[in-house]
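>>> any chance you could fold what I've pasted below:
(chains A and B)
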Amino acid sequence: MSKELVRNAKKGDVKALNTLIDNHKDFAFSIALKFLKNKSDAEDVVQNSFITVLKSISTFRNEAKFSTWLYKIVYHECLKAMKSDKNLVEYIPQYIREEKIEDEQEEPVDIGELLESLQANEYAVISLFYLKEKSIREITQITSMSQSNIKVILHRSRKKLKEYYYQKTE
Amino acid sequence: MKEEDFFKKALKEDIKPVDNIFFNQKVIRELNLKKQESRQTIFDAKTSVVLLIISVLVLTAFLIGPMAVSSTYLLIGIFVIISPCYFIIFDKIYQASKKST
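Purely as a prediction, here's the structure:
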């Protein structure tokens, strides 16, 4: 199915292109929104990323490869946009700011608030892992972070979610 | 509910949908525009290469064959051979100038 979809999109089939965009736009938008905190900027980044990836669609064999490449572009475009925006604090994904985590130990009221409290890179990593079922290797490709760094982020965000989960189930 | 299922459900519910109804259209339109832009070529490089090969073959056949070829004809022949190369170069210059504007 995914191979067929990519094959049809390669031929320029508008229906296939629409399906391919629909399958990934909301997730990509959520990640971009988490980083940029602005709907319009997030939409622009996702749109440009789609154009870049779809231009070189002939190099992809299946949708998994396509999505990995798409999320990689979205992720890096967000970082670029954040760096160019002087109002935002410079974001360096390679370093985990432990002091900020200490401050964020207040108990969240609901799951939405908990997810909101996650840092953008934590949200991206955990969403890619659980929702898009990407392997740590693929997340490494997407984020350009080391495998050990991803494991740390995954462990930390999982711990936050687990705490909330056990609070609710108790 | 298992932990993992809970995580998946929570993350799925947290996905923010794109409001813009023209999102897909805009991407596809931009894509088509970029395709059209890249299609504009004055001389097709493939055709020029085929022309170049044919010219070389014809001149080689003349040189190897029993007919004697004078230096003037040889010069004209070489000019004919290299003319497809000019087409390729012109095309590259045209493409480069289009990108810079």
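>>> which regions of chain B sit below the pLDDT cut-off?
B:1, B:34-45, B:66-69, B:98-101 (pLDDT under 70).
>>> one more: chain A?
A:1, A:86-109, A:168-170.
>>> how about a cut-off of 50?
The model of chain A has pLDDT under 50 over residues A:87, A:90-92, A:94-104.
>>> what does chain A have sitting close to chain B?
A:14, A:17-18, A:21-22, A:25-27, A:29-30, A:33, A:39, A:43, A:46-47, A:50-51, A:54-55, A:111-112, A:114-115, A:126-127, A:130-131, A:158, A:161-162, A:165 (Cβ under 8 Å from any Cβ of the partner chain). Backbone N, C-alpha and C define where each C-beta goes, glycine included.
>>> buried ones among the residues you listed?
Listed as buried from those are A:17, A:21, A:25, A:27, A:29-30, A:33, A:43, A:46-47, A:50-51, A:54, A:111, A:114-115, A:126-127, A:130-131, A:158, A:161, A:165; burial here means 16 or more other Cβ atoms under 10 Å in any protein chain shown.
>>> check the burial of residue 85 by counting its neighbours.
Using chain A here. Residue A:85 sits with 14 neighbouring residues when counted by other Cβ atoms under 10 Å in any protein chain shown.
>>> you looked at the wrong chain, it should be chain B
Count around residue B:85 with other Cβ under 10 Å applied: 14.
>>> before we move on, what about residue B:84?
Residue B:84 sits with 21 neighbouring residues when counted by other Cβ under 10 Å.
>>> and it, what helix or strand is that in?
Here residue B:84, judged by DSSP states H and E, is contained in helix B:71-100.
>>> swap in residue A:145?
Counting by DSSP H and E, no helix or strand carries residue A:145.
>>> how close does it get to residue A:122?
To residue A:122, residue A:145 is 11 Å away according to Cβ to Cβ, to the nearest Å.
>>> what do the two both touch?
Listed as contacting both residue A:145 and residue A:122 by Cβ atoms under 8 Å, 6 or more residues apart in numbering or on different chains are residue A:153.
>>> can you give me the end-to-end span of stretch A:137-157?
Criterion Cα to Cα, to the nearest Å; first-to-last residue distance in stretch A:137-157 is 18 Å.
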